[in-house]
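1. Quick check, what structure comes out for this input:
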Amino acid sequence: MEVVSRRPGSGVNSGDNDDVPSDSENEGAEAPGQDGPALKAAKAFGIGLGAIVATPFAIAGVGVLAAGATVWGAAKVLQGVGGLLAAGPEAAVRAAAGGRLAGEEAREREKKDKKGPREDTKHEK
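-> Numbers count the residues shown, from 1 in each chain. All right, here's what the predicted structure looks like:
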């Protein structure tokens, strides 16, 4: 039994098929969808260069983010400490004033005036 190769340019019919180019005639030409060695090297170079250039920016971005988070955290701590420092004297003034601070009654009256007169709908039937 004889084995016949289906690859052009080899096997029994190597000289009969002249319209199919052989591998020696296609040196340097690549099949569609495949990258040649020069293109592969260029892609690898581009990826490496991108990694080298992008790394300092990424590290700087993380540093800026960390600095911003630190400042924000410090501000929140100061806000909390200020609220705690003011809570004691405010509670003392409220206790001395009978539960209301000076000016609270005027603010409540202003709020009621802005809302307008309220109608009691519960008693109307």
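2. Flag the shaky bits of the protein, pLDDT-wise.
-> Across the chain, the ranges flagged by pLDDT under 70 are 1-33, 100-104, 106, 116-125.
3. Please repeat the previous calculation with a cut-off of 50.
-> 125 (pLDDT under 50).
4. What is the helix or strand hosting Val53 packed up against?
-> Here Val53 sits within helix 37-96, counting by DSSP states H and E. Under the contact criterion of 3 or more CB pairs under 8 Å, 6 or more residues apart in numbering; DSSP states H and E, the helices and strands touching helix 37-96 comprise an empty set. For glycine as for every other residue, the C-beta is placed from the backbone atoms N, C-alpha and C.
5. Give me the angle between the following helix or strand past it and helix 37-96.
-> For helix 37-96, the succeeding helix or strand toward the C-terminus, using DSSP H and E, is helix 104-115. Between helix 104-115 and helix 37-96, the angle comes out at 120 degrees (axes from the mean of the first three to the mean of the last three CA atoms, to 10 degrees).
6. Can you mark which positions in helix 104-115 are buried?
-> Within helix 104-115, no residue counts as buried by 16 or more other CB atoms under 10 Å.
7. name the helices or strands packed onto that helix?
-> Helix 104-115 packs on no helix or strand, going by 3+ CB pairs under 8 Å, 6+ apart.
8. With just CA atoms, put that helix into PDB.
-> Output of helix 104-115 as PDB, limited to C-alpha atoms (Å, rounded to 0.1, in the frame of the first residue of the first chain):
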ATOM      1  CA  GLU A 104     -33.500  78.100  69.100                       C
ATOM      2  CA  GLU A 105     -37.000  79.400  69.700                       C
ATOM      3  CA  ALA A 106     -36.600  82.100  67.100                       C
ATOM      4  CA  ARG A 107     -35.300  79.500  64.600                       C
ATOM      5  CA  GLU A 108     -38.300  77.200  65.300                       C
ATOM      6  CA  ARG A 109     -40.700  80.100  64.800                       C
ATOM      7  CA  GLU A 110     -39.100  80.900  61.500                       C
ATOM      8  CA  LYS A 111     -39.500  77.300  60.300                       C
ATOM      9  CA  LYS A 112     -43.100  77.400  61.200                       C
ATOM     10  CA  ASP A 113     -43.700  80.700  59.400                       C
ATOM     11  CA  LYS A 114     -42.100  79.300  56.300                       C
ATOM     12  CA  LYS A 115     -44.300  76.300  56.300                       C
END
